[in-house]
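> Here is a sequence with its predicted model. Questions after.
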Amino acid sequence: MVGCGDIPTKEALAATTLLRIHFLDLKIRFINVIDRFSFAIDVINRVSKLTMVGSYAKQLFRYRQIEYRHYAHENGVDLPEENDWI
């Protein structure tokens, strides 16, 4: 299962959960292809004026990306601040 975007990601995650509950022997993984941290890091890497000044932000984004992934893996949902970021 793959999700890209808030609603498709939540729907794919919900479907993965349902399949895991009802088919215990099914091997299935959920993959969130791209997240906002990856997009932000990509912009820093591609915009020349951000390349030199963006190293701190890139490191912060990578740290947060890892933190959010660990939380989602352990809890099956995004961190509340990730889910309600708008």
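Done, it's in.

> going forward, measure contacts and count neighbours with C-alpha atoms only.
Fine.

> gap between the most centrally placed residue in the chain and residue 76?
By C-alpha atoms, centre = their mean, the chain has its centre lying nearest to residue 35, at 4.5 Å. According to C-alpha to C-alpha, to the nearest Å, residue 35 and residue 76 sit 16 Å apart.

> Packing partners of the helix or strand hosting residue 68?
Per DSSP states H and E, residue 68 falls inside helix 55-75. On a contact count with 3 or more C-alpha pairs under 8 Å, 6 or more residues apart in numbering; DSSP states H and E, helix 55-75 meets helix 36-46.

> Going by neighbour count, list what's buried in the helix it packs on.
37, 41, 44-45 (16 or more other C-alpha atoms under 10 Å).

> what about the protein, any weak spots by pLDDT?
Along the chain, the model assigns pLDDT under 70 to residues 1-4, 32-34, 83-86.

> Redo the buried residues of helix 36-46 as CSV? Include distance to residue 18.
As requested, the buried residues of helix 36-46 are exported to CSV (distance: C-alpha to C-alpha, whole Å):
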residue, distance to residue 18
37, 28
41, 33
44, 38
45, 38
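
> Give me the domain ranges for the chain.
Here the domain parsing of the chain from automatic domain parsing is 1-33, 35-86.

> Which residue is most remote from the mean position of this structure?
residue 49 (26.4 Å).

> Residues contacting the helix or strand where that residue lies, please?
Per DSSP H and E, residue 49 falls inside helix 48-51. Applying C-alpha atoms under 8 Å, 6 or more residues apart in numbering, the set of residues contacting helix 48-51 from outside is 44-45.

> for residue 44, what are its contacts?
Neighbours of residue 44 in contact, by C-alpha under 8 Å, 6+ apart: 50-51, 54, 58.
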